[in-house]
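In: sequence plus predicted model, see below.
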Amino acid sequence: MTSHPVFIDLSLDEQVQELRKFFKKLGAEISSEKSNKGVEDDLHKIIGVCDVCFKDGEPPQIDGILNSIVSIMITIPLDRGENIVLAYCEKMTKAPTQPLAKVCLQSLWRLFNNLDTASPLRYHVYYHLVQVAKQCEQVLEVFTGVDQLKSQFANCPPSSEQMQKLYRLLHDVTKDTNLELSSKVMIELLGTYTADNASVAREDAMKCIVTALADPNTFLLDPLLALKPVRFLEGDLIHDLLSIFVSDKLPSYVQFYEDHREFVNSQGLNHEQNMKKMRLLTFMQLAESNPEITFESLTKELQITEEEVEPFVIEVLKTKLVRARLDQANHKVHISSTMHRTFGAPQWEQLRDLLQAWKENLSSVREGLTNVSSAQLDLARTQKLIH
């Protein structure tokens, strides 16, 4: 999202006077005269009634009024501006309609970008910015990823508590529209906890697990087990369920669901979606150790009919998690490569061995090319001597 710089061709006193008169004319309980306590008191009074323009004003007119308020606000020294900024942000979250919410979003974005990048007030503005963006369905215009978020606060990083609060909000506003992004946010949230306070993050850890399990595009779940708050859940049903998705096959999930059906449903997880994901994860695990898999084996492992095997494999190939070829004539699937469900010490050793083999093969190729080159040079010299 872009915003235009703030500039008003009036003095601060003149702007304050005009704003007071404008809101007075709209019926707000405010004096049209300037305060003798200074511009900060004027701003407090103006912001206190600024939402009156939401009732009858048109978006372009309201945008101009809010722009004028912001232009005054950014002149207030940091040590005296926090209450003013917070009051304004609160008012911007009260827009009664989506078109007006978009105007408020633009105003907050303008304020955010005109504050000094080292100002701690930017955090408060951004927090409310996300709330308003949710109201007008423009969250992705404000937040596109964790790296982008961190860069916004590079010159004045918020406290751990502030980031935890912001991550919770971002999870809440993205969970219904972008599960993958929401899952990444929750993982970042859990990463802010230390061994000393991880035990208090129980609710956040459970949300993180549920979001990751529900996301149809998240398949590498092993890293969650290493997060300290998740470790504190060991022995709980949610941790048992995560462990199944990390390393077990479909029958384990089916048995878990039969034993704890109410628990799974209470977490907001969809059983059919879980089955679909576990089938894919089971197929990946089979592909890790089997260069070819028979249709018969797949029907047993995945609990599907033979007629469902081909459509299933085609759907798996679309995810690009597995590279394979269907052999309909022989009722087999030939595996070329697959993403590992877990990546621990055995996988690192396998990767090391593979790279070592490549290195040796390249050395052999290089040696062979050197020998061929030497032979050609010798042949060329011999022919030259003959002629």
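Out: Received it, and whenever you're ready, just let me know what you need. Numbering: from 1, shown residues only.
In: all strands of the stretch 151-300 of the chain, in order?
Out: Taking DSSP state E, counting those that start in this stretch, the strands of the stretch 151-300 of the chain run over residues 292-294.
In: please, where are all the helices along it?
Out: Assigned by DSSP state H, counting those that start in this stretch, the helices in the stretch 151-300 of the chain fall at 160-174, 179-191, 202-214, 228-231, 237-247, 250-259, 261-266, 271-289, 295-302.
In: from the chain's centroid, how far away is the first one?
Out: Taking the mean of its C-alpha atoms, helix 160-174 sits 11 Å from the chain's own mean (C-alpha atoms, centre = their mean, to the nearest Å).
In: what do you get for the longest one?
Out: Helix 271-289 has its average C-alpha position 24 Å from the chain's average C-alpha position, going by C-alpha atoms, centre = their mean.
In: now it: buried residues?
Out: For helix 271-289, the neighbour count (16 or more other C-beta atoms under 10 Å) marks 274-275, 277-288 as buried. C-beta coordinates here come from the backbone N, C-alpha and C atoms, glycine included.
In: got it, and the third one?
Out: Taking 16+ other C-beta under 10 Å as the basis for neighbour counts, the residues of helix 202-214 that come out buried are 204-214.
In: just send those residues back as CSV, with pLDDT too.
Out: What follows is those, written out as CSV (pLDDT from 0 to 100):
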residue, pLDDT
204, 92
205, 93
206, 94
207, 92
208, 92
209, 94
210, 94
211, 92
212, 92
213, 95
214, 93
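In: which of those residues lies closest to residue 228?
Out: Relative to residue 228, the closest of these is residue 205; by C-beta to C-beta it sits at 8.9 Å.
In: so how far is residue 232 from the closest one?
Out: 7 Å (C-beta to C-beta, to the nearest Å).
In: go on, residue 241?
Out: 16 Å.
In: with neighbour numbers in mind, choose between these two.
Out: Set residue 241 next to residue 232 and count neighbours by other C-beta atoms under 10 Å: residue 241 wins out with 24 against 18.
In: quick check: pLDDT value at that one.
Out: Per-residue pLDDT puts residue 241 at 97.
In: who's in contact with it?
Out: By C-beta atoms under 8 Å, 6 or more residues apart in numbering, the contact set of residue 241 is 209, 213, 256, 260, 264.
In: want to throw these into a markdown table with distance to residue 67?
Out: Shown next, in a markdown table, are the contacts of residue 241 (distance: C-beta to C-beta, whole Å):
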| residue | distance to residue 67 |
| --- | --- |
| 209 | 44 |
| 213 | 45 |
| 256 | 56 |
| 260 | 55 |
| 264 | 51 |
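In: and residue 387, what pLDDT?
Out: So, for residue 387, pLDDT stands at 56.
In: buried sites along the helix or strand hosting residue 64?
Out: Assigned by DSSP states H and E, residue 64 falls within helix 59-73. By 16+ other C-beta under 10 Å, the buried positions in helix 59-73 come out as 62-63, 65-73.
In: follow-up on the earlier one: minimum distance to residue 320: which of the helices of the stretch 151-300 of the chain has it?
Out: helix 271-289 (11.8 Å).
In: extract the C-alpha trace of the closest one and format it as CSV.
Out: C-alpha atoms of helix 271-289 as CSV (Å, rounded to 0.1, in the frame of the first residue of the first chain):
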residue,chain,number,x,y,z
HIS,A,271,-11.8,-34.9,9.5
GLU,A,272,-12.1,-35.3,5.7
GLN,A,273,-9.4,-32.7,5.1
ASN,A,274,-7.2,-34.5,7.7
MET,A,275,-7.7,-37.8,5.9
LYS,A,276,-6.8,-36.2,2.6
LYS,A,277,-3.6,-34.7,4.1
MET,A,278,-2.6,-37.9,5.9
ARG,A,279,-3.0,-39.9,2.6
LEU,A,280,-0.7,-37.5,0.9
LEU,A,281,1.8,-37.6,3.8
THR,A,282,1.6,-41.4,3.9
PHE,A,283,2.3,-41.6,0.1
MET,A,284,5.3,-39.3,0.6
GLN,A,285,6.6,-41.7,3.3
LEU,A,286,6.1,-44.7,1.1
ALA,A,287,7.9,-42.9,-1.8
GLU,A,288,11.0,-42.2,0.4
SER,A,289,11.9,-45.9,0.5
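In: show me the contact partners of that helix.
Out: Contacts to helix 271-289, defined as C-beta under 8 Å, 6+ apart, come from residues 213-214, 216, 219, 244-245, 247, 249-250, 253-254, 257, 261, 264-265, 293, 297-298, 301-304, 312-313, 315-316, 319, 321-322, 324, 335, 338-341.
In: and residue 51, helix, strand or coil?
Out: The three-state label given to residue 51 by DSSP: H, G, I helix; E, B strand; the rest coil is helix.
In: give the contact list for it.
Out: So residue 51 contacts 91, 94 (C-beta under 8 Å, 6+ apart).
In: offset the numbering so it begins at 30, please.
Out: Done: numbering now begins at 30, and the last item shifts to residue 80.
In: roughly how far apart are it and residue 52?
Out: Distance of residue 80 to residue 52, given as C-beta to C-beta: 10 Å.
In: go on, residue 390?
Out: Distance, residue 390 to residue 52, using C-beta to C-beta: 78 Å.
In: the more surrounded of these two?
Out: residue 52 (23 against 10).
In: where does the prediction get shaky in the stretch 30-179 of the chain?
Out: Residues of the stretch 30-179 of the chain that meet the criterion pLDDT under 70 lie in 30-38.
In: now the helices for it?
Out: Here the stretch 30-179 of the chain has its helices, by DSSP H, counting those that start in this stretch, at 41-54, 68-78, 88-102, 107-121, 127-143, 150-164, 168-171, 175-181.
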